[in-house]
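Colleague: got a sequence here, can you model it:
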Amino acid sequence: WNEIQAKEAIQNHRIAPERIRIIGAPLFDSWFSGISPTSDRDFRASHGIPADTPFVGYLGSSHDLVKDESWVARDLRRALDQDRMGKEILLVVRPHPANAKIFEGFSMDGVYIVPRLTTLPSTASALQLSYDTMYHSCALVGINTSAMIEALIVGKPVIAFLAPRYSRTQSDTQHFQQLLAADALERVRTPLEFVEVLKRILDGSDVRREKRRQFVERFIRPRGWRASAGEAAA
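Modeller: Residues are numbered from 1 along each chain as shown. Next up is the predicted model:
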């Protein structure tokens, strides 16, 4: 994809530098292909989300990485409810397609599961839903998922929840470490820290906006924001 991975290929796999071509990340090409958001009103109406109320999106991670993470959604919701401003903010959970069962039957005031029957954003409709969920949120929060990168492409602040039980999951995942190294993510260790960071973002203090753009340009689209990685590969 990029210079970072080119260096890894040389150092770890003994690939000759002259055999390497940097093309960007084809996996994310569809997120740059002129997709536009559904209106906020129509998106909310389709999923029963109250109008005129800000919401933060929770990005679910795979079962292999986190097992049952539903407790995180509950703890974040409880922390929001303890705060005068936070209790007015909704939580919209996007389950990971490979870990959606943990949210079957999940019910909590102020929490919306979108979608209940989830799938990878590999079709136009699934991609649109993922895009809309991120686009209309005020920020995204999660443990460790490639959807964090998608949220950066959409231009949204992303908060990494660094719970002790997931420390190895996060430290052993290369793309997550690259996100941290680029300082592209907000980082919190407790639900109460999450609320404070979210309030700062809502107050207009988005201090990592430029860092997010730089990460996307360096890691996902090193040939240029409009340069298709798939076309480069071909």
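Colleague: the protein: strands as residue ranges?
Modeller: 55-59, 90-94, 111-113, 140-142, 158-161, 186-188 (DSSP state E).
Colleague: can the ones you listed go into JSON lines with extra columns for mean neighbour count, mean pLDDT and distance to F103?
Modeller: The way it works is simple: take the backbone N, C-alpha and C, and place the C-beta from them, glycine included. Listed next are these as JSON lines, based on neighbours: other CB atoms under 10 Å; pLDDT from 0 to 100; distance: least, CB to CB, whole Å:
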{"stretch": "strand 55-59", "mean neighbour count": "25", "mean pLDDT": "98", "distance to F103": "10"}
{"stretch": "strand 90-94", "mean neighbour count": "22", "mean pLDDT": "98", "distance to F103": "6"}
{"stretch": "strand 111-113", "mean neighbour count": "21", "mean pLDDT": "97", "distance to F103": "5"}
{"stretch": "strand 140-142", "mean neighbour count": "26", "mean pLDDT": "98", "distance to F103": "14"}
{"stretch": "strand 158-161", "mean neighbour count": "24", "mean pLDDT": "98", "distance to F103": "16"}
{"stretch": "strand 186-188", "mean neighbour count": "18", "mean pLDDT": "97", "distance to F103": "21"}
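Colleague: format those strands as JSON lines; extra columns: distance to A73.
Modeller: As requested, these are arranged in JSON lines below (distance: least, CB to CB, whole Å):
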{"stretch": "strand 55-59", "distance to A73": "6"}
{"stretch": "strand 90-94", "distance to A73": "5"}
{"stretch": "strand 111-113", "distance to A73": "6"}
{"stretch": "strand 140-142", "distance to A73": "9"}
{"stretch": "strand 158-161", "distance to A73": "10"}
{"stretch": "strand 186-188", "distance to A73": "14"}
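Colleague: which residues touch the residue positioned nearest the centre of the chain?
Modeller: Centroid-nearest residue in the chain: M148, 2.3 Å away (criterion: CA atoms, centre = their mean). By CB atoms under 8 Å, 6 or more residues apart in numbering, the contact set of M148 is L59, L140, G142, V158, A160, F176, L179, L185.
Colleague: just to revisit the earlier point, just so I know, which of the strands of the chain lies nearest K101?
Modeller: Checking the strands of the chain against K101 by CB to CB gives strand 111-113 as the closest, at 11.8 Å.
Colleague: packing partners for that closest one?
Modeller: strand 90-94 (3 or more CB pairs under 8 Å, 6 or more residues apart in numbering; DSSP states H and E).
Colleague: tell me how far the strand it packs on is from the chain's mean position?
Modeller: Centroid separation for strand 90-94 versus its chain: 12 Å, with CA atoms, centre = their mean, to the nearest Å.
Colleague: and it with strand 55-59, angle?
Modeller: 30 degrees (axes from the mean of the first three to the mean of the last three CA atoms, to 10 degrees).
Colleague: what residues of stretch 224-234 count as buried?
Modeller: Buried residues in stretch 224-234, counted by 16 or more other CB atoms under 10 Å: S228, A229, A232.
Colleague: verify the stated contact: the last one with G24.
Modeller: Yes: using CB atoms under 8 Å, A232 makes contact with G24 at a distance of 6.2 Å.
Colleague: many thanks, I have nothing further to ask.
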